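>>> here is a sequence with its predicted model. Questions after.
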Amino acid sequence: MDEAEVQQRARAFVASVDIKDIQTDLSAYVQAANAKVAKEELGEGESGFTITTPKGKHRITVNSLEPEERQRFTVCHEIAHIVLGLPSSHVEVPSWSYAKRDPNEVMCDTFAAELLMPYQLWRAKVPDDEPSAEVIEYMSAEFRTSFVAAASRYATLAAFPCAFVTMERGHVRYTARSTSLRNARAWVPPRCPIPPGSLSHRLRSAELSAMETEVVAQDVWFENWEKGLDLTELARHYARTDTTVALLWLDEEELPAVEFGRFGVRVEDDGGLPELTGDLPWPSGKRRR
């Protein structure tokens, strides 16, 4: 099962229920999954779990000590396990971390994002304004989800080149990209250090919780990229958890013109054939053996 299939199944699930109140009430999803939700005080780092009865009914338990937006995401994440039939693997890895996470958990996060921020509803509500912290915070409030979840969704569904990068302890963990960036093969390598020259690197080096916006070079972020082109970086660093996130965007015309071969390999421009001068390259004057 890949991300595209998970996305399709999530959207089919959303289409099967009435989502008019989904921004405030997830009960339509819970009922469609034949489940009930209970809140209990769980241990630190434990967001929730699901128990299935012999009769096929599901009891989703969420951590009442976590923020409301986290609880909503957990409910949708557990529904993903039920609908997709994927076993859970929450052991020893925080639910917000992409480091060494089980692929099933990542797929269920993708499913949960589709439920929390349904595609059609998101497109109807997202402002046409220039990307900004205010726009992300507005969408976060509209869908009662975290800033990070809203920013990731914003990048994925953007109609222009846009990416959202999650970093932990100074290393890139996950990148969400818009369709245009994926088509251009713009790639931020996972597990690499936060790139020097980026705003994210500067904010983390200051060891303070802060959020700023700055213009940086595209090749600072994208691997094997053309030099001399710029993008805008909105970076936010959380000093307590040593987590950094960045929203990156640029105009469509600022994407380099890149050609790819049959196997997705970038075709380098070698300038074509040399200009004809009328001088023959042979005989060279050199003797052959």
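Received the coordinates, thanks.
>>> wait, residue 212 touches residue 200, no?
No: Residue 212 is beyond contact range of residue 200, at 9.7 Å (criterion: C-beta atoms under 8 Å). To be clear about C-beta, it is placed using only N, CA and C from the backbone, and glycine gets the same treatment.
>>> overlap in contacts of the two?
Contact criterion C-beta atoms under 8 Å, 6 or more residues apart in numbering; residues shared by residue 212 and residue 200: residue 235.
>>> so these two - more neighbours on which side?
residue 200 (28 against 14; other C-beta atoms under 10 Å).
>>> in what helix or strand does that one lie?
If you go by DSSP states H and E, residue 200 is part of helix 199-206.
>>> show me what that helix is packed against.
Helix 199-206 sits against strand 162-168, strand 210-217, strand 230-238, strand 243-249, with contacts defined as 3 or more C-beta pairs under 8 Å, 6 or more residues apart in numbering; DSSP states H and E.
>>> can you dump the C-alpha atoms of the first one in CSV for me?
What follows is strand 162-168 as a C-alpha-only set of coordinates in CSV (Å, rounded to 0.1, in the frame of the first residue of the first chain):
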residue,chain,number,x,y,z
CYS,A,162,5.5,24.6,-2.0
ALA,A,163,7.1,22.3,0.5
PHE,A,164,6.9,21.7,4.3
VAL,A,165,9.9,20.3,6.0
THR,A,166,9.9,18.7,9.5
MET,A,167,13.2,18.6,11.4
GLU,A,168,14.2,17.0,14.7
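>>> show me the contact partners of that strand.
Strand 162-168 is contacted from outside by 97-99, 131, 148, 151-152, 154-156, 172-178, 181, 186, 188, 194, 200, 204, 221, 241-249, using C-beta under 8 Å, 6+ apart.
>>> now it against strand 230-238, angle please.
Between strand 162-168 and strand 230-238, the angle comes out at 30 degrees (axes from the mean of the first three to the mean of the last three C-alpha atoms, to 10 degrees).
>>> buried ones in strand 162-168, by neighbour count?
Neighbour-count burial for strand 162-168, counted by 16 or more other C-beta atoms under 10 Å, picks out 162-168.
>>> which two among those residues are spaced furthest apart?
The two members of the buried residues of strand 162-168 with the most space between them (C-beta to C-beta) are 162 and 168, at 21.2 Å.
>>> now for residue 108: which residues touch it?
Counted by C-beta under 8 Å, 6+ apart, residue 108 has contacts 77-78, 80-81, 84, 86.
>>> including distance to residue 62, could these go into TSV?
Shown next, in TSV, are the contacts of residue 108 (distance: C-beta to C-beta, whole Å):
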residue	distance to residue 62
77	10
78	8
80	14
81	13
84	19
86	18
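>>> please flag which of these sit within helices.
Counting by DSSP state H, the contacts of residue 108 place 77-78, 80-81, 84 in helices.
>>> from residue 186, how far out is residue 250?
10 Å (C-beta to C-beta, to the nearest Å).
>>> where do the contact lists of the two overlap?
Residues touching both residue 250 and residue 186 comprise residue 161, with contact defined as C-beta under 8 Å, 6+ apart.
>>> so for those two, which sits in the more crowded spot?
Neighbours per residue, other C-beta under 10 Å: of residue 250 and residue 186, the larger number sits with residue 186, 26 against 20.
>>> so that one touches residue 161, yeah?
Yes: between residue 186 and residue 161 there is a contact at 7.2 Å, judged by C-beta under 8 Å.
>>> so which of the buried residues of strand 162-168 comes closest to residue 136?
Using C-beta to C-beta, the buried residues of strand 162-168 come closest to residue 136 at residue 164, 9.4 Å.
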